[in-house]
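A.B. asks: Predicted model and sequence follow; I will ask about them next.
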Amino acid sequence: MESVRAEEEIVDKHAKLASGGAGAGAGRAEENPVKVDPAESNGADQGWRTALAMHARAVYAKGSGAVYAKGSGAVGTMDGEGDTLQQLIARELGPLAHEAIQIVEAFAIGARTQRGASDVGKQSAPQFDAGLAIILNGLSPDRTPAPRRDDGAPHIIQSELWQLLYKVRESAELSYAREIDLVELDRRILLLLRNIGPLVPAAISGAVGVDKAQVSRSVKRLLEVKMVERDQIRSPVTLTRKGAALGDRLLRLAHLRNRELTFDIRDQELAEFSAVIEKLLQRAILLYEQERVRASGEVVSVNPFTVDPEAEQSNAVMLDRSRIISPLMTLSAYFSRSGALTFKRLTGLSNFEVWVLNEIGRDSPMDWNTLVSRLDRDHSQAGRTVRALLGRGLIERDGRPGRRHGRFTPTGAGQAIYETIHEASRQRSAFLMAPLTATERESFLTTFEKVHRNAVVQLERERTFEELGQQ
């Protein structure tokens, strides 16, 4: 429970800052503007890093009411020319500026509390500086969400949704691991049963968007550790007392994480966002069901979609709607499953191979570092996929030997497959987004970017805590 309390204290601090409560950056910016002279730094990047670092040290040394001013690092306000702290950071970090101030403040306050206020000023706090450096490295401009594309391509639903969920999943693994070591699907099922109640395996499969075989394996694991129980193999799965107790602990942490992910999103905006997800989910389920039918027959054309209104209404699934990320994960699961079937049928490639080839084809020639940053996956997985595409003659590399050197370009065969992928993706995305009005689509993308931004901040905080815990 200590880790949950620690999470709650930090999230509560964020909420106070957002509402104008005690705090240095966001909450006090108007009444006590922090003046920072750009001339003090060597370049824009050094400017925002220096400002954030000095501000964090001031909060660490003096408490939550401290405000850094230029010059000697004194606490207080400063008259004269210069930008406020948030203005300077905003020029480089864009929409992440507000959260950047909050995250360094939360870290400084936590470090101050852990050290003890009476001891803070007596030493140089090397661990604090090390942790602060980790945070600042994570907040560099190239880690902020990519700007929205207006070329009509379906990236927001495909690659950008995958990247958002990848960040959320990584931070969740770090966060939940401090409570119990369960794989993601096992946690999702526990939370689902705690929120909704007993469910048969087929309903669980529909709710989480994964196939029944995966659900069966997960339920078997939970049965073995006595978290769930059932009378027969097709009977509803029910939480045991032990499972309910763990579910309550995980729910508390899940709600705190949800508050972070929905930071700066109004209730009405969140309700509209959730309503759009419901529409998209129905379409994603239809895509999956249609592709399953196509898998059993001969189809020559690319995704010849038809819509049966009665079928669309009959595809309701049992969902955990208490948190924003659960419906998004289910949406992504159905859309990815249909995509895997579609692209396998059309190209013979896996979902991730399609993604890699699509990124290279969309912006070639592409160097290794750019490719990995676009995919937001570890180097080993990207490396295996690049080698596979090279081996199939779908991409080629120029430059020095080694996958990390040179630049990648589709071959003639690869370009033909890329064009097939692009056309199929365009049609799939058009089908998915068809029920939305222009206003709904614009509102959805705007809120999505906020969630993505909050997920970046959340992940950087979890990475920082993990690295500090290993020191």
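C.D. replies: That came in fine, so what should we check first?
A.B. asks: which SS state does F408 fall under?
C.D. replies: Three-state assignment for F408 (DSSP: H, G, I helix; E, B strand; the rest coil): strand.
A.B. asks: Count the residues that sit near it.
C.D. replies: 26 (other CB atoms under 10 Å). Bear in mind the C-beta positions are built from the backbone N, C-alpha and C, glycine included.
A.B. asks: thought it was touching R362?
C.D. replies: No - look at F408 against R362 with CB atoms under 8 Å: they stay out of range, at 11.9 Å.
A.B. asks: residues contacting A108?
C.D. replies: 56-57, 59-60, 128, 132 (CB atoms under 8 Å, 6 or more residues apart in numbering).
A.B. asks: Most neighbours out of those residues, which is it?
C.D. replies: Compared across these, A56 has the highest neighbour count, 29 neighbours, by other CB under 10 Å.
A.B. asks: Now the helix or strand I285 falls within: buried residues?
C.D. replies: Assigned by DSSP states H and E, I285 belongs to helix 267-294. Within helix 267-294, the residues scored as buried using 16 or more other CB atoms under 10 Å are 272-273, 276-277, 279-291, 294.
A.B. asks: same check, this time on stretch 357-373
C.D. replies: 357-362, 364-366, 368, 371-372.
A.B. asks: what's it in contact with?
C.D. replies: Residues outside stretch 357-373 that contact it (CB under 8 Å, 6+ apart) are 142, 153, 159, 349, 356, 374-375, 379, 382, 386, 389, 394-395, 398, 403-410, 414-415, 417-419, 421-422, 425.
A.B. asks: Alpha carbons only: can I get it in PDB?
C.D. replies: Extracted in PDB, the C-alpha atoms of stretch 357-373 (Å, rounded to 0.1, in the frame of the first residue of the first chain):
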ATOM      1  CA  LEU A 357       7.800  -1.100 -43.900                       C
ATOM      2  CA  ASN A 358       5.100   1.600 -43.800                       C
ATOM      3  CA  GLU A 359       7.300   4.000 -41.800                       C
ATOM      4  CA  ILE A 360      10.300   3.500 -44.100                       C
ATOM      5  CA  GLY A 361       8.200   3.800 -47.200                       C
ATOM      6  CA  ARG A 362       6.400   6.900 -46.000                       C
ATOM      7  CA  ASP A 363       9.600   8.900 -45.300                       C
ATOM      8  CA  SER A 364      12.500   7.200 -47.100                       C
ATOM      9  CA  PRO A 365      15.500   7.200 -47.000                       C
ATOM     10  CA  MET A 366      15.300   6.700 -43.200                       C
ATOM     11  CA  ASP A 367      18.200   6.300 -40.800                       C
ATOM     12  CA  TRP A 368      18.100   3.800 -37.900                       C
ATOM     13  CA  ASN A 369      17.600   6.300 -35.000                       C
ATOM     14  CA  THR A 370      14.700   7.900 -36.700                       C
ATOM     15  CA  LEU A 371      13.100   4.600 -37.400                       C
ATOM     16  CA  VAL A 372      13.400   3.400 -33.800                       C
ATOM     17  CA  SER A 373      12.000   6.600 -32.500                       C
END
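A.B. asks: V372 belongs to a strand, doesn't it?
C.D. replies: No - looking at V372 with three-state DSSP, it is helix, so not inside a strand.
A.B. asks: least trustworthy helix or strand in the chain by mean pLDDT?
C.D. replies: Least confident helix or strand, the chain: strand 35-36 with a mean of 42, by mean pLDDT, DSSP states H and E.
A.B. asks: what's the next secondary structure element after that strand?
C.D. replies: For strand 35-36, the succeeding helix or strand toward the C-terminus, using DSSP H and E, is helix 44-62.
A.B. asks: Low-confidence stretches in the stretch 301-450 of the chain?
C.D. replies: 301-317, 376-378, 400-405 (pLDDT under 70).
A.B. asks: can you pull out the helices in it?
C.D. replies: In the stretch 301-450 of the chain, the helices defined using DSSP state H, counting those that start in this stretch lie at 309-313, 325-347, 351-362, 368-375, 379-391, 412-433, 438-469.
A.B. asks: How about the stretch 101-250 of the chain?
C.D. replies: 117-120, 126-138, 159-176, 184-196, 201-208, 212-224, 241-261.
A.B. asks: Out of those, which is closest to D320?
C.D. replies: Of all the helices of the stretch 101-250 of the chain, helix 184-196 sits nearest to D320, with 5.0 Å by CB to CB.
A.B. asks: Show me what the helix holding I285 is packed against.
C.D. replies: helix 309-313, helix 325-347, helix 412-433, helix 438-469 (3 or more CB pairs under 8 Å, 6 or more residues apart in numbering; DSSP states H and E).
A.B. asks: any idea of the angle that helix forms with helix 325-347?
C.D. replies: Angle, helix 267-294 to helix 325-347, by axes from the mean of the first three to the mean of the last three CA atoms, to 10 degrees: 30 degrees.
A.B. asks: surely H255 meets D320?
C.D. replies: No - here H255 does not reach D320: they are 11.9 Å apart, not a contact under CB under 8 Å.
A.B. asks: and these two? which has more neighbours close in?
C.D. replies: Legend: neighbour count by other CB under 10 Å for H255 and D320, higher for D320 (20 against 14).
A.B. asks: what sits against that one?
C.D. replies: Taking CB under 8 Å, 6+ apart, we find D320 in contact with 191-192, 195-196, 207, 326-327.
A.B. asks: same thing with I265?
C.D. replies: I265 sits next to 273, 447, 450-451 when contact means CB under 8 Å, 6+ apart.
A.B. asks: Return the closest of the residues you listed with respect to D181.
C.D. replies: Of the contacts of I265, the one sitting nearest to D181 (CB to CB) turns out to be V451, at 27.0 Å.
A.B. asks: Run a quick neighbour tally on that closest one.
C.D. replies: V451: 22 neighbours (other CB under 10 Å).
A.B. asks: Check the spacing between it and L256 real quick.
C.D. replies: According to CB to CB, to the nearest Å, V451 and L256 sit 16 Å apart.
A.B. asks: so which of the helices of the stretch 101-250 of the chain comes closest to F335?
C.D. replies: helix 159-176 (7.6 Å).
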